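K.L.:
The following block contains a protein sequence and its predicted model.
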Amino acid sequence: MLDSQQLASALRPVLTRLVRKMRKLSPINTVLSQTERSVLVLLESQKYLSAELAVIEKITPQSMGQVLNHLDALNLIEKSISESDKRKIYISISSTGLEMIKQVRHEREEWLAMAIDHACTDQDKKALNNAIVALAKLVDF
């Protein structure tokens, strides 16, 4: 049995390559940077966000402004002014942004299902199913 360091050394490059491959699958998704994709996913889970977006994404407010301007130009977000403080702008995901996220996820899941069907044996599929629990624990750590 491998120790934790050996597992980490073997797992990291495989996961990195898998994530990269899945990111490249969607032609729609290639027009967005990783930060822009991350902001869209964040906005999908939150109804409205404002200045905290830069803090959450760990980038400067100026950089976040550029990200939001690009997402806005693609009609993937909506901006609304706070009624209580006209200086504050709330950002939300647009219906176009939601559809884009759904399409990208669908494309990735379709590819992953096809890859599992073609590349994995029944025993591999059971191993993957068992690994999901362990991987989820790593994500939550």
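P.N.:
Arrived safely, thanks for sending.
K.L.:
Show me what counts as buried in the helix or strand of the chain with the lowest mean pLDDT.
P.N.:
Every helix and strand in the chain was compared by mean pLDDT, DSSP states H and E; the lowest is helix 52-57, with a mean of 88. Going by neighbour count (16 or more other C-beta atoms under 10 Å), the buried part of helix 52-57 is 53-54, 57. The C-beta positions use only the backbone N, C-alpha and C, and glycine is treated the same way.
K.L.:
So which elements touch the next helix-or-strand element following that helix?
P.N.:
Following helix 52-57 in sequence order, the next helix or strand is helix 61-73 (DSSP states H and E). In this structure, helix 61-73 makes packing contacts with helix 34-45, helix 52-57, strand 77-81, judged by 3 or more C-beta pairs under 8 Å, 6 or more residues apart in numbering; DSSP states H and E.
K.L.:
center of this structure, which residue is that?
P.N.:
Residue closest to the average C-alpha location in the chain (C-alpha atoms, centre = their mean): Ser38, at 5.0 Å.
K.L.:
Excluding chain neighbours, what is closest to Lys79?
P.N.:
Distances taken as C-beta to C-beta, 6 or more residues apart in numbering put Ile89 closest to Lys79, at 5.3 Å, once the chain neighbours are dropped.
K.L.:
beta partners of that neighbour?
P.N.:
On the basis of DSSP bridges, Ile89 is bridged to Ile81.
K.L.:
For the helices and strands packed on helix 61-73, could you give me JSON lines that also reports distance to Ala115?
P.N.:
Formatted as JSON lines, the helices and strands packed on helix 61-73 follow (distance: least, C-beta to C-beta, whole Å):
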{"stretch": "helix 34-45", "distance to Ala115": "21"}
{"stretch": "helix 52-57", "distance to Ala115": "30"}
{"stretch": "strand 77-81", "distance to Ala115": "32"}
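K.L.:
Nearest to Gln103, out of the ones you listed?
P.N.:
Of all the helices and strands packed on helix 61-73, helix 34-45 sits nearest to Gln103, with 12.0 Å by C-beta to C-beta.
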